[in-house]
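> build me a model:
(chains A and B)
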Amino acid sequence: MLIKLTGGKVFDPANGMDGEIRDIYIEDGVIIAPPLDRRADHEYPLHGRVVMAGAIDPHTHIGGGKMTIGRLMLPEDHRGDPVCRGHLTRAGCGHAVPSTLTAGYRYAEMGYTAGFEPAMLPANARQAHMEMADTPMIDKGAFAMLGSDDFFLRQLAAKEDIEAIKDYVAWTLHATQAIAIKVVNPGGISAFKFNQRQLDLDEHHAHYGVTPRDVLLSLSRAVKELGITHPLHVHGCNLGVPGNVETTANTIAGMEGLPVHLTHIQFHSYGTEGDRKFSSGAARVAELVNSHKNVSIDVGQVLFGQTCTASGDSMRQYGNTGSASPNKWVVMDIECDAGCGVVPMRYRDKSFVNALQWAIGLELFLLIDDPWRIFLTTDHPNGAPFTFYPHLIRLLMDKGFRNDMLQKINPDAANSSVLASLDREYTLYEIAIMTRAGPARSLGLKDRGHLGVGACADITVYEDLADREAMFATPVFVFKNGELIVKSGRIVKVVQGATHVARPDFDKGIEKSLRSYFDRFHTVGFDNIAVSDDEIRVDGYGSIVVQPTAARV
Amino acid sequence: MSDVGAAVEFDHVPCPFCGLLCDDLKISRAGAALKVVKNGCGKAVAGFERALPAVSPQIDGRDVPLNDAIGEAARLIRKSSAPLYGGLATDVGGMRAVMSLADRSRGVVDHALSEAASSNLKILQSTGWIMSTLTETRNRADVVVIVGSDIHKLHPRFFERIVCAETTLFEDSFKPRSVVFIGDGLDQSGATGPRVGNVVTLPCAMDRVDEVVAALLSRMRGHPVSGDNVAGVALAAIDQLASTLSEAQYPVLVWAPAGLETNNPDLTVHAVCDIVRLLNKTTRAAGLTLGGDEGGQTATSVCGWQSGYPARVSYASGAPDYDPENNSVPRKLAANESDLLVWIASYTPDLGPPETSLPTVLLGPPGMSTAGKPAVFIPVGTPGIDHSGQLIRCDSVVSLPLRNLGRSDNPSVASVLAAIEAAL
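Residues are numbered from 1 along each chain as shown, chains lettered A, B, ... in the order given. Presented below is the predicted three-dimensional model:
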């Protein structure tokens, strides 16, 4: 069937298109060149409306054990947002840690067509994929967490050749069906198991002797030399600790020009100035990001209300348990592989710290110049549930609205922020970069995030409303693989997205060491570790897209 | 099924018969007969080697073709205003199908072993906890405390694989680990060999373990405890355990919910988790809950991610409603609050449906014992023997792929329930 989207204002930064009126043709799920001699079977007149590729969330905790711990722990939160079965959709619950089904529906209803789970523990990969398989509507993918696993730390401590580390990293991507590699509190999750409560960039791990800097440099080099498109995804040391802007600055400087993505950087941009010894480090971080082209970031914006923080960073999450609200939390040491911490959090606009966190996130958005290197995230659900994205977009696009909100927060926090003096308003083109073209390019999604010929027809159409929050909350149409799945913000067809993976080459010789390692130390044998393609394609409702990688160096 | 006589061997086979999911079994199959060749415990041998009677799907005790049984099950579910989905001893695929059908038919979902798991869930939902996993404990624990449950009986390879493991990651600093048993009469025979150092017993009656654990917590908090013994355990021994725990590098407190026989298992688990939390203020320590048998952890996790809540969820209102008291299948049956029981089990034939006057749709392994005569009986395969699948381990982190060993053609729970839902 030939579908024509007629006369919309197209924002397609990957192809340099900034609001030009253009017709888009779709056939067999793909965007095609205007056919010369055929009439469309179905035409959608989109005059005056805004057309973008489907949005991509490059960092959202949607699948994996720690999310299900959060779900099981917080029945009281779900009860505030029950979701009934619909004609097409299953029942579930929403808000801070939504059920998988509801998460998929709500992403699609907001015009998102892909979301990436950024903290998949290899030991928990199978379950992470099960949960993502039960997240309908959107494409997904996952970043495998390395850097506190004992296999890697033993490699590093033994000063093994970088080629062996590369083979291990590549094997991990294959075995866990991941698209990228993430490191969380480099070495620190393991150090916490040895009762270290902090591990700064150059502090030594009590057992292995290595430092976070060693971990970062070897993993980022491995990722680069394996040809994996997305740079090492870094959740740095000292998350949430006042003064951690120093660590962030040292981390950026210490990367020696290697590509790196610093995630939820808002939580790593804190100074120690002022009476309360807590201040914004946003200006300094923004300056460093602006001047280091090897660095990309996502923000991890805090927005006010109840949420639940969930992280692989057991060390820092344990440190944050004093702020748990409601007062209950889970910390786990996991499989000589990683850890996790799940701490419910209520961000209050009248709290100095929370209000300043909110302002710091917005400062970062407004002070970082290049929208290709900054992605719009709340680190769902750590800063806020992803359903706040339309509100966040309005904060970025509408200075008047932003200033109104600034009036409502803790006045001391408002006064200690430069936010009121920042006049920048994001344009639709910049929003399209931050939420589509940028993440797609960074993750190496060849045929997603743009509207050129050959792209997968994941397309979102909005009314061009002055109220950008209303505009982005309720798209007029969402197409997934060329099929209409959402109309006026309501689901009209339930579909199952694909799982995106990267599969760089590696020397299978590493499997011999891994087999011996698992046999000697683990409780799961080597033969039962890898998640097979069949497990992803459960009964034909999942599918796999292997995204290209560059040649190994 | 393959021909009799053509023996096939399978290596690295995961065992679905308890929550540990040991995956190092060697199984051979000749025709429909399986034999555990290596690494099986008694539970594994009983599970894998059980001879399967040839049984047919039945309606009211009459043999019928599978499709007829599916049609009748669908008819009963369609007619029911509040079906109960109990048992739930299945795999991830089976649990997904249960959730879909319960959502569609406005039913209630509750696992057969929910009652035992409920103490853990109450603590998770009220205070949370600090937990370890099997591999972490295997490599790191220097003190293992077995709290009031007979781990060796419930999980026969726990000591062999975790406590007495031949090698650990930290051999250079390894000292034989101390094992402490709280409770009298716990099978200690697993705690032997070169890896095990001191074995200490705090021999209180099993129903008074909670008192000893509470006293231990009080002493660790620096509070006085009156008398010179608690439940027959000398206070000095409790104080000694308190110092052992405080001086340890990574003590792990282990319990199996189904084995707790204390008067109030909620308080026992609560106190254990408080002890762990207290220790973590200065050193590292963790809890480790076992259990998860009969697909129990799988049911909790799949129900958790699909509905937001652990089992004991009702879809009567259209949205999931979690009520661990009201939505218990035994309570619903006793209170006559339903008109149909759908009982699902696929591992041991002993996990039959509870006695009830309600019509029952039974999906069970061939040879399942039943108190009454089910309205519909559909024999199903066992995940990891008759079909492939996935199960989640007791520590709620690791899941294992289950293999099809080709024993029988009995269908999976997932495929039967999908067919029933399609016929609604």
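> distance of A:Pro122 relative to B:Leu402?
20 Å (CB to CB, to the nearest Å). C-betas here are computed from N, CA, C, even on glycine.
> is any residue of stretch B:117-131 near chain A?
Yes: using CB under 8 Å from any CB of the partner chain, stretch B:117-131 reaches chain A at B:Leu121, B:Leu124, B:Gln125, B:Ser126, B:Thr127, B:Gly128, B:Trp129, B:Ile130, B:Met131.
> please indicate which of these has the highest neighbour count?
B:Met131 (27 neighbours; other CB atoms under 10 Å in any protein chain shown).
> need the per-residue pLDDT for the closest residue to B:Trp129 other than its chain neighbours.
Spatial nearest neighbour of B:Trp129, chain neighbours left out: B:Cys273 (4.3 Å); criterion: CB to CB, 6 or more residues apart in numbering or on different chains. At B:Cys273, the pLDDT value in this model is 98.
> in terms of contact, does B:Cys273 touch B:Ala286 like I think?
No: contact criterion CB atoms under 8 Å: B:Cys273 and B:Ala286 do not qualify, at 10.1 Å.
> what is in contact with these two at once?
By the contact definition CB atoms under 8 Å, 6 or more residues apart in numbering or on different chains, B:Cys273 and B:Ala286 are jointly contacted by B:Ile130.
> among the residues of stretch B:117-131 next to chain A, which are in helices?
The helices, defined by DSSP state H, take in B:Leu121, B:Leu124, B:Gln125, B:Ser126 from the residues of stretch B:117-131 next to chain A.
> and the stretch 301-450 of chain A, which residues reach chain B?
Counting by CB under 8 Å from any CB, the stretch 301-450 of chain A sits next to chain B at A:318, A:324, A:327-337, A:342.
> could I get the residues you listed as CSV with neighbour count, pLDDT and secondary structure?
Listed next are these as CSV, based on neighbours: other CB atoms under 10 Å in any protein chain shown; pLDDT from 0 to 100; DSSP: H, G, I helix; E, B strand; the rest coil:
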residue, neighbour count, pLDDT, secondary structure
A:Tyr318, 19, 98, helix
A:Ala324, 20, 98, coil
A:Asn327, 13, 98, coil
A:Lys328, 19, 98, coil
A:Trp329, 27, 98, strand
A:Val330, 25, 98, strand
A:Val331, 24, 98, strand
A:Met332, 28, 98, strand
A:Asp333, 28, 98, strand
A:Ile334, 29, 98, strand
A:Glu335, 27, 98, coil
A:Cys336, 27, 98, coil
A:Asp337, 27, 98, coil
A:Val342, 29, 98, strand
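> nearest to B:Gly389 among those residues?
A:Glu335 (21.4 Å; CB to CB).
> measure the closest residue to the closest one other than its chain neighbours to A:Ala142 for me?
Nearest residue to A:Glu335 in three dimensions, chain neighbours excluded: A:Ala123, at 3.8 Å (CB to CB, 6+ apart). Taking CB to CB as the measure, A:Ala123 falls 13 Å from A:Ala142.
> please produce JSON lines containing the residues of stretch B:117-131 next to chain A, extended by pLDDT.
JSON lines is the format used below for the residues of stretch B:117-131 next to chain A (pLDDT from 0 to 100):
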{"residue": "B:Leu121", "pLDDT": "98"}
{"residue": "B:Leu124", "pLDDT": "98"}
{"residue": "B:Gln125", "pLDDT": "98"}
{"residue": "B:Ser126", "pLDDT": "97"}
{"residue": "B:Thr127", "pLDDT": "98"}
{"residue": "B:Gly128", "pLDDT": "98"}
{"residue": "B:Trp129", "pLDDT": "98"}
{"residue": "B:Ile130", "pLDDT": "98"}
{"residue": "B:Met131", "pLDDT": "98"}
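> ok, so of those residues, who is nearest A:Tyr462?
For the residues of stretch B:117-131 next to chain A, the nearest to A:Tyr462 is B:Gln125 (39.8 Å; CB to CB).
> avg pLDDT for stretch A:370-388?
On average, stretch A:370-388 scores 98.
> one more: stretch B:214-221?
Mean predicted lDDT for stretch B:214-221 stands at 98.
> same deal with stretch B:369-378?
Mean predicted confidence for stretch B:369-378 is 91.
> before we move on, what about stretch A:48-55?
Mean predicted confidence for stretch A:48-55 is 98.
> that stretch: how far from the chain's middle?
Put simply, stretch A:48-55 sits 21 Å off its chain's centre (CA atoms, centre = their mean, to the nearest Å).
> now the end-to-end length of that stretch.
Stretch A:48-55 has an end-to-end distance of 20 Å (criterion: CA to CA, to the nearest Å).
> same question for stretch B:399-408: list its buried residues.
Neighbour counts over stretch B:399-408 (16 or more other CB atoms under 10 Å in any protein chain shown) mark B:Ser399, B:Leu400, B:Pro401, B:Leu402, B:Arg403, B:Leu405, B:Gly406, B:Arg407, B:Ser408 as buried.
> for chain A, tell me which of the residues you listed show up nearby.
Contacts with chain A within the buried residues of stretch B:399-408, counted by CB under 8 Å from any CB: B:Ser399, B:Leu400, B:Pro401.
> of the residues you listed, which is the nearest to chain A?
B:Ser399 (4.4 Å; CB to the nearest CB).
> so, low pLDDT: which residues of the stretch 1-150 of chain A?
By pLDDT under 70, the stretch 1-150 of chain A contains no weakly predicted segment.
> ranges for the helices of it?
Applying DSSP state H, counting those that start in this stretch to the stretch 1-150 of chain A gives helices spanning A:65-73, A:75-79, A:100-109, A:125-133, A:150-157.
> how about those helices, which one is nearest B:Gln306?
helix A:100-109 (6.1 Å).
> which elements pack onto the closest one?
Helix A:100-109 sits against strand A:92-93, strand A:477-480, strand A:483-487, strand A:490-491, helix B:296-307, with contacts defined as 3 or more CB pairs under 8 Å, 6 or more residues apart in numbering or on different chains; DSSP states H and E.
> which one of these lies closest to A:Leu445?
That would be strand A:477-480 among the helices and strands packed on helix A:100-109, by CB to CB, at 14.2 Å.
> may I have the closest one exported as CSV, CA atoms only?
Taking Å, rounded to 0.1, in the frame of the first residue of the first chain, the C-alpha atoms of strand A:477-480 are listed here in CSV:
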residue,chain,number,x,y,z
PHE,A,477,-0.7,10.6,14.2
VAL,A,478,2.1,8.1,15.0
PHE,A,479,3.3,5.6,12.4
LYS,A,480,5.4,2.6,13.2
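> tell me the contacts of the spatially most central residue of chain A?
In chain A, the C-alpha nearest the mean C-alpha coordinate belongs to A:His59, at 0.4 Å (CA atoms, centre = their mean). A:His59 makes contacts with A:Phe116, A:Pro118, A:His233, A:Thr263, A:His264, A:Asp298, A:Gly300, A:Phe375, A:Thr377, A:Asp379, A:His380, as judged by CB under 8 Å, 6+ apart.
> up against chain A, what does the stretch 51-200 of chain B have?
Residues of the stretch 51-200 of chain B lying near chain A (CB under 8 Å from any CB): B:92-93, B:96, B:100, B:103-104, B:121, B:124-136, B:138-140, B:161-162, B:166-170.
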